[in-house]
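S.K.: how does the following fold in three dimensions:
(2 chains)
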Amino acid sequence: MFFRMILHQARHKWMITLLLWLVMTALVSLYVYLDNSARFSNRSMQLIMKNMGHNLLILPRDADPIDAYLCTSEQTLFSEEVTHKMSQQMQLASRYYASVLQARELVDGKTLFLTGIQPVHRRDETAEKSHLIREIPSGQARLGEAAARVLGVSAGDSISLHSRAFSVAEVYPTQGTIDDYRVYLPLADCQGLLDKSGRINAILSFLCLHGTSQDGVSRYQRQKMEELFPDFQIVTQLRIAQGRYLARMTTNRYLFYLLAIVFWITVIVIAMTGFQEVSERRREVGILLAMGARYPHITGLYVVKLLVLAIAAASAGFLIGSMLSRELLSPVLTSNTRPITFVWGQCPKVLGLACLAVAIAAVLPIVKLVRMDPNTILTEE
Amino acid sequence: MNSVVELRNATKIYTKGSRDVRAADHVSCIVQPGELLVVHGPSGSGKSTLLLMLGGMLPPDEGSVLFNGRDIYQWSRARRNRYRKESVGFVFQRFFLVPYLTIFDNIRLRLILQGRSGNMTSTIQELAERFRIEDRLDHRPGELSVGEQQRAAVARALVGGPVVILADEPTGNVDEENAQIIKTCLLAEARNGRTVVMVTHNRQFLDMSTKHLYLMAGRMEDPPIL
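M.R.: Numbering: from 1, shown residues only, chains lettered A, B, ... in the order given. Have a look, this model is predicted:
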């Protein structure tokens, strides 16, 4: 009978029921859309920022980082197997590594940097990211803008290094950094040229920044490296790490401040309709009390109806929000990410959000309901 | 014979602005099983206040209200709810039927609140036939005439067998034919041993009452000679 009353009451005031359902559905849809926007925009921005380069440099503990920066002949060499071992460690926050062997090379009186590079990714790394540093086929080279200028070549030409010919597959646009002077080669080819088979100077790493603060992730990575690879040190490229972190925070904050505004508008709408409903149901309250019903029963009729509506709105809002983000967000993102789809992990959150809005909005109408004087209602002419 | 309900010096004062209004001023009366008490008096004399006090809805400021010899306002709120649920049937001038439930469900609601389960159809059908609303059970109150609504409200008050029936102007809004049906039923209830307390201006009820109480500004007085 309790649920029958709720159902009949909802049907009796179907316009109000529909309004409540719509406003909650709109809130949940917006939440799902914004959450997906933040999730996939951040993903997209993360990929854009990753193109700026690694945010961690991993060197042997006894190596002097300045040798790596200046590419001196004093750089410490170690086995490229270390990179593969690191990529097998699921406890490390980084999912993506690149083994690097670099050496100075004097060409026509200008210094260039021979850079052998080989991407190595963790087994759970997605395909989209594994393309950030693309594997260079044997016999090919990619040049920084300044290196191409010094060598007087462009894409499609050939260059000769240590008497071995390499075809220029690509010339990168200028970065305004030392990387403009790099001649990127496949790691194995570079090791052959320099006669340093199986050896590298440094590991570039891309630190995953999801989950907590930038400091938190860095601290975790440092701690885990000390536990698992005590013979190695980490040098953080802070401005890149910060750029990625701040881009993520800005998106999140912008979208969720908007959500906060919509949340409170929803709460106000539910509360106002609640006040109206309580006023309209005063006679019903009066007679129920006269028949011996208790306040929990009477308030339960109101609250349970709202909760059922919240569950219905959460389900509809989840579907609508997911479809909206799939249709509207994909064309907006400038770098391709994994396909935008239903994120089922959002379900408990959307249910919680709708129920929270109801719980907050229902407080004042319930106070009004409980404070109504049934005697006044029952004796009014 | 023992009293069913009793007022002992019951006093109720409402404060309106800076003025105190005595809605009940040391009212005492005893109603026994099978009695039909009619409370009458001019508007604002405290008749409805008296009914609400008897129904456990409004505690008196002074004095006491007794049911089977026990002061109902000494009971906990839960016990008083139980008293209303099991022992009292209210009828109001404005019916107060739940607008979105059918007449059947309006009547059934009282049985549900009493905690009864199982098939109640025959009980409700029987009562509906007494009040000649058997063909209106699946209608909502808005689809019924005023007289039918009031008959349904009386049927709801009677279902579940309350010991005390408290009726506030039950025929105030209905025509002569409907008033007659309601009057007959309430009188039959009193004859069957129930206690009926009724606020009314209807002279017919005064004539058939076993006891009457005239209120003037909350005080019990002798009625004016008409």
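S.K.: going by C-alpha atoms from here, please, whenever you check contacts or count neighbours.
M.R.: Noted.
S.K.: who's in contact with the helix or strand of chain B with the lowest mean pLDDT?
M.R.: Least confident helix or strand, chain B: helix B:203-208 with a mean of 79, by mean pLDDT, DSSP states H and E. Helix B:203-208 is touched from outside by B:V38, B:K183, B:H212, with contacts defined as Cα atoms under 8 Å, 6 or more residues apart in numbering or on different chains.
S.K.: hmm, 10 Å instead?
M.R.: If you take Cα atoms under 10 Å, 6 or more residues apart in numbering or on different chains as the criterion, helix B:203-208 is touched by B:36-40, B:171, B:179-180, B:183-184, B:186-187, B:198-200, B:209, B:212-213.
S.K.: next secondary structure after that helix?
M.R.: Downstream of helix B:203-208, the first helix or strand assigned by DSSP states H and E is strand B:211-216.
S.K.: need the next SSE after that following strand, C-terminal direction.
M.R.: Where DSSP H and E defines the elements, the next helix or strand beyond strand B:211-216 is strand B:219-221.
S.K.: so which residue of chain A comes closest to chain B?
M.R.: A:G292 (4.3 Å; Cα to the nearest Cα).
S.K.: tell me the contacts of that residue?
M.R.: B:56-57, B:78-89, B:110, B:113-114.
S.K.: quick one, helices of chain B?
M.R.: Counting by DSSP state H, chain B has helices at residues B:47-54, B:77-87, B:103-113, B:121-130, B:146-158, B:176-191, B:203-208.
S.K.: beta partners for the residue nearest the centre of chain B?
M.R.: Of all residues in chain B, the one closest to the mean position by Cα atoms, centre = their mean is B:L166, 1.6 Å from it. Beta bridges link B:L166 to B:F90, B:V197, judged by DSSP bridges.
S.K.: could you list the low-confidence segments of the chain?
M.R.: Because you didn't say which chain, this covers chain A. Filtered on pLDDT under 70, chain A yields the residue ranges A:49-54, A:127-132, A:207-212, A:334-337, A:379-381.
S.K.: actually, chain B is the one I wanted.
M.R.: Applying pLDDT under 70 to chain B flags residues B:1, B:224-226.
S.K.: tell me how many other residues crowd residue 13.
M.R.: All of this is about chain A. A count of neighbours around A:K13, defined by other Cα atoms under 10 Å in any protein chain shown, yields 12.
S.K.: not what I meant, chain B
M.R.: Residues near B:I13, counting by other Cα under 10 Å, number 16.
S.K.: ok, B:L50 next?
M.R.: 25.
S.K.: returning to that earlier point: the residue nearest to the centre of chain B reaches B:T49, doesn't it?
M.R.: No: using Cα atoms under 10 Å, B:L166 is not in contact with B:T49, being 11.6 Å away.
S.K.: anything in contact with each of those two?
M.R.: Here B:L166 and B:T49 have B:G55 as joint contacts, going by Cα under 10 Å, 6+ apart.
S.K.: tell me how far the residue nearest to B:Q114 when sequence neighbours are not counted lies from B:V4.
M.R.: Spatial nearest neighbour of B:Q114, excluding adjacent residues (Cα to Cα, 6 or more residues apart in numbering or on different chains): B:K85 at 5.9 Å. Counting by Cα to Cα, to the nearest Å, the separation of B:K85 from B:V4 is 16 Å.
S.K.: neighbour-wise, which of these two wins?
M.R.: Higher neighbour count among B:K85 and B:V4: B:K85, with 24 against 20, using other Cα under 10 Å.
S.K.: quickly note the distance from the more buried one to A:I298.
M.R.: B:K85 sits 14 Å away from A:I298, going by Cα to Cα.
S.K.: just A:V278 next, same as before
M.R.: Distance from A:V278 to A:I298, counting by Cα to Cα: 11 Å.
S.K.: which neighbours do those two share?
M.R.: Counting by Cα under 10 Å, 6+ apart, the residues touching both A:V278 and A:I298 are A:E284, A:V285, A:I366, A:L369, A:V370.
S.K.: now, among these, which is nearest to A:A68?
M.R.: In terms of Cα to Cα, no member of the shared contacts of A:V278 and A:I298 lies closer to A:A68 than A:I366, at 68.3 Å.
S.K.: alright, I will stop here.
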